[in-house]
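Student: Provided below for reference: sequence and predicted model.
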Amino acid sequence: TYRERLVNNDAFYGLLAEAGRVAAKLSEPGEILTVAHQGPVIAYYADRRYLMLYTMNEDAIAQTLAKTRLLIWDPTTWLALPPERVAGVEARVLADFAPIEHVSDGSRIVTIYQRKP
């Protein structure tokens, strides 16, 4: 059991922990982070509160993004967003936010975006 956690969990969550540490440096204490998927892990390492997009429907995502300054976009699986609507959400992110940091473990990338002025 320990080996499983050490080999698999640490390999998976290490990228998210690093993204959280970077987000902590880029955000203000008390700021709420918007995270595409792994909100609990990223926010824990950032020591920030969070909102997770992957559980929201398209309207809720749009409302949340409208109030977001810092967005952490990690590999996600959408629970309430139909596959044909994902491209629209991604297009909105690219229109309204600029990438300011990329955190990578070689095969996965977490992009941290900031709202465009």
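Tutor: Sure thing, it's come through.
Student: ok, how many other residues are close to the closest residue to Leu51 other than its chain neighbours?
Tutor: Leaving out its chain neighbours, the residue that sits closest to Leu51 by Cβ to Cβ, 6 or more residues apart in numbering is Thr34, at 5.1 Å. For every residue, glycine as well, the C-beta is placed using N, CA and C. Neighbourhood size, Thr34 [other Cβ atoms under 10 Å]: 21.
Student: Report all helices and strands that the helix or strand where Thr34 lies contacts.
Tutor: Using DSSP states H and E, Thr34 maps to strand 32-35. If you count contacts as 3 or more Cβ pairs under 8 Å, 6 or more residues apart in numbering; DSSP states H and E, strand 32-35 packs onto helix 39-46, strand 49-52, strand 70-73.
Student: okay if I get these as JSON lines plus mean neighbour count and distance to Ala19?
Tutor: Formatted as JSON lines, the helices and strands packed on strand 32-35 follow (neighbours: other Cβ atoms under 10 Å; distance: least, Cβ to Cβ, whole Å):
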{"stretch": "helix 39-46", "mean neighbour count": "20", "distance to Ala19": "5"}
{"stretch": "strand 49-52", "mean neighbour count": "17", "distance to Ala19": "12"}
{"stretch": "strand 70-73", "mean neighbour count": "24", "distance to Ala19": "6"}
